[in-house]
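Asks: predicted model follows, preceded by the sequence.
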Amino acid sequence: MFPLTIIQYVKLAVCCILLAFSWYLGFSFEHSRFLAYKANQVAQTAAIEKDYQAKSAQIESDKNAQIRNINNQLVNAIVQLRKRPSRAESPSIGQSGTGVSLSAEDAIFLEREAARADVLRTSLEACYEQYDTLSK
């Protein structure tokens, strides 16, 4: 009635069970190795990220210090420039290339524009430095 004997069916079942068990052990072993590798990669990435954030924060603080210095110089220059005569007090006759004869309003305007340009230049340099630091 059955083409195989009962013993052969039992042997076949045991072989199938052993095959499934060995597959499970292999999968389990490789899965645990993969999880260990993944945890190692996450730890390395977190360390690199922390290092990059520290470098970025240092660059940002240096940039902010330079901007504070520029703003302090601007305030000092404006205080000195307010001592100049205003536009209404002394009309300028002729052309001057040194800026000595500029009125107080014009000189303050130009000093503010120069300070604004310095702030932009400092910010751009910090951006380049941060990009270069992180792209290495």
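Replies: Sure thing, it's come through.
Asks: now residue 82. Its backbone dihedrals?
Replies: Dihedral angles of residue 82 (phi, psi; degrees, to the nearest 10) stand at phi -70, psi -20.
Asks: do residue 83 as well
Replies: Backbone torsions for residue 83, taken as degrees, to the nearest 10, come to phi -80, psi -10.
Asks: ok, it - contacts?
Replies: Residue 83 makes contacts with residue 104, as judged by C-beta atoms under 8 Å, 6 or more residues apart in numbering. Where you see a C-beta, it was placed from the backbone N, CA and C, and this is true even at glycine.
Asks: so it versus residue 16, what's the distance?
Replies: 100 Å (C-beta to C-beta, to the nearest Å).
Asks: which strands and helices sit next to the one helix or strand residue 114 maps to?
Replies: Per DSSP states H and E, residue 114 falls inside helix 104-134. For helix 104-134, the elements it packs on are helix 6-81, judged by 3 or more C-beta pairs under 8 Å, 6 or more residues apart in numbering; DSSP states H and E.
Asks: the inter-axis angle of the helix it packs on versus helix 104-134?
Replies: 160 degrees (axes from the mean of the first three to the mean of the last three C-alpha atoms, to 10 degrees).
Asks: by contact count, what packs against helix 6-81?
Replies: helix 104-134.
Asks: which one is residue 125 nearest to, not counting chain neighbours?
Replies: residue 63 (7.9 Å; C-beta to C-beta, 6 or more residues apart in numbering).
Asks: what do you get for residue 84?
Replies: residue 104 (4.1 Å).
Asks: center of this protein - which residue?
Replies: By C-alpha atoms, centre = their mean, the chain has its centre lying nearest to residue 56, at 5.4 Å.
Asks: report pLDDT for the residue nearest to that one when sequence neighbours are not counted.
Replies: Counting by C-beta to C-beta, 6+ apart, residue 56 lies nearest to residue 130, which is 5.7 Å off, once chain neighbours are set aside. According to the prediction, residue 130 has pLDDT 92.
Asks: you'd agree residue 130 is up against residue 58?
Replies: No: counting by C-beta atoms under 8 Å, residue 130 sits too far from residue 58 to count as a contact (9.7 Å).
Asks: thanks again, I'm all set now.
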